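heads up, no residue letters with this:
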C-alpha cells in the first residue's frame, strides 16, 4: 500500500471513496488520504492517527502541506484553478531544480 492516496470525487464514485476505499486505506495504514471535491472545490485531508483517520483540513482556500510527501505544499486553489495550478507547478519545479 502507498503512504499517500488521493481520490477525485465524482457523483458515481463518492460513496465508494468515502466508504470502502476510506476504510480500506485506513485499515492498511495509508498515512495520508485526500478527497478532492471538484464540484464544491474543496479538499479534505485525512491523516492516520492511532490507526484511524482524523480530518486534518477541509477547505477550498489556503495552503495544504503533506507530512507524508517530503517538502510538498501547494495552494488549495491550484487543484481547481488552471492559472493557480501552473503557478504552483512552476514553483514546485523551480524548488526541485535548486535542490539538485
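Great, that's in hand. Keep in mind that this is a model prediction, so the values were computed, not measured.

what packs against the helix or strand bottoming out on mean pLDDT in the chain?
Lowest mean confidence among the helices and strands of the chain (mean pLDDT, DSSP states H and E): helix 82-99, at a mean of 86. Helix 82-99 sits against strand 72-75, with contacts defined as 3 or more Cβ pairs under 8 Å, 6 or more residues apart in numbering; DSSP states H and E. The C-beta positions use only the backbone N, C-alpha and C, and glycine is treated the same way.

show me what the strand it packs on is packed up against.
Partner elements for strand 72-75 (3+ Cβ pairs under 8 Å, 6+ apart): strand 63-66, helix 82-99.

avg pLDDT for the shortest one?
Which is strand 63-66. Computed over strand 63-66, the mean pLDDT rounds to 97.

how about stretch 1-11?
Per-residue pLDDT values over stretch 1-11 give a mean of 92.

report the buried residues of that stretch.
The neighbour-count check on stretch 1-11 (16 or more other Cβ atoms under 10 Å) flags 5, 7, 9 as buried.

just the element for the closest residue in space to residue 58 that isn't next to it in sequence, please.
Excluding its sequence neighbours, the residue lying closest to residue 58 (Cβ to Cβ, 6 or more residues apart in numbering) is residue 44, at 4.8 Å. Assigned by DSSP states H and E, residue 44 belongs to strand 42-49.

neighbouring contacts of the helix or strand just after that strand?
Sequence-wise, the next helix or strand downstream of strand 42-49 (DSSP H and E) is strand 52-59. Applying Cβ atoms under 8 Å, 6 or more residues apart in numbering, the contact partners of strand 52-59 are 22, 25-26, 33, 42-48, 64, 76.

what pLDDT is listed against the residue nearest the centre of the chain?
For the chain, residue 34 is the residue whose C-alpha lies nearest the centre (Cα atoms, centre = their mean; 3.5 Å). pLDDT, residue 34: 98.

from what I can see it touches residue 7, true?
Yes: counting by Cβ atoms under 8 Å, residue 34 touches residue 7, with 7.2 Å between them.
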